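*Asks:* sequence unknown, structure follows:
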C-alpha cells in the first residue's frame, strides 16, 4: 500500500477492469478537451466579431472622411473655375486697354508708353507738334 492508503494496483473505479478505467480516463480527458476547444472557439469568434466591428467603424469613418474630402474638392474646384474665369476677363480687359492706349498714343503722336514706378508714363513724341 502507498502512503495514501490506496494500493498501487487499485483501480480508479471499483469493480472495473484496468482497460475500462483507461477508457474512462480517456473519455474524461476527451470531454475536457472538447470543453476547452469550445471555449477557445467561442473566444476566437468573439475576437473575430470585435475585429469585424472595428473594421466596420473604420470603414464608416473613412466613407465620411471621403465624403468630406469630395465636398471640399468640389468647393475648391468651383472657386478655381471662378478665379480662372475672372482671370480670363481681366486679361481680356488688359489687352483691350493696352490696344486702346496704343491707339491713343498713335493718335496724339507719341511713340508709345513704358512702365515707371508702377504706373504708365507717355514717352517723348516721335516728331514735333
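*Replies:* Received the coordinates, thanks. Computed from a prediction, not measured in an experiment: that's the story for all the values here. Numbering: from 1, shown residues only.
*Asks:* lowest-pLDDT helix or strand in the protein?
*Replies:* The helix or strand of the chain with the lowest confidence, counting by mean pLDDT, DSSP states H and E, is strand 113-116 at a mean of 51.
*Asks:* For the protein, which residues score under the pLDDT cut-off?
*Replies:* Low-confidence segments of the chain (pLDDT under 70): 1-13, 110-129.
*Asks:* 80 instead, please
*Replies:* Applying pLDDT under 80 to the chain picks out residues 1-16, 109-129.
*Asks:* Strands of that one, residue ranges please.
*Replies:* 113-116, 119-122 (DSSP state E).
*Asks:* how about the helices in this protein?
*Replies:* 18-108 (DSSP state H).
*Asks:* how much space between residue 92 and residue 85?
*Replies:* Remark: distance between residue 92 and residue 85 (Cβ to Cβ, to the nearest Å) = 11 Å. (Glycine included, C-beta is placed from N, CA and C.)
*Asks:* Also residue 30?
*Replies:* Counting by Cβ to Cβ, the gap from residue 30 to residue 85 is 81 Å.
*Asks:* likewise residue 46?
*Replies:* Separation of residue 46 from residue 85 (Cβ to Cβ): 59 Å.
*Asks:* One more: residue 94?
*Replies:* Residue 94 is 15 Å from residue 85, where distance means Cβ to Cβ.
*Asks:* Residue 77 now?
*Replies:* 13 Å.
*Asks:* before we move on, what about residue 61?
*Replies:* Distance, residue 61 to residue 85, by Cβ to Cβ: 36 Å.
*Asks:* Repeat that for residue 43.
*Replies:* Distance from residue 43 to residue 85, by Cβ to Cβ: 63 Å.
*Asks:* just residue 24 next, same as before
*Replies:* Taking Cβ to Cβ, one finds residue 24 at 91 Å from residue 85.
*Asks:* And those two? Which one has more around it.
*Replies:* More crowded of residue 24 and residue 85, by other Cβ atoms under 10 Å: residue 24, with 14 against 10.
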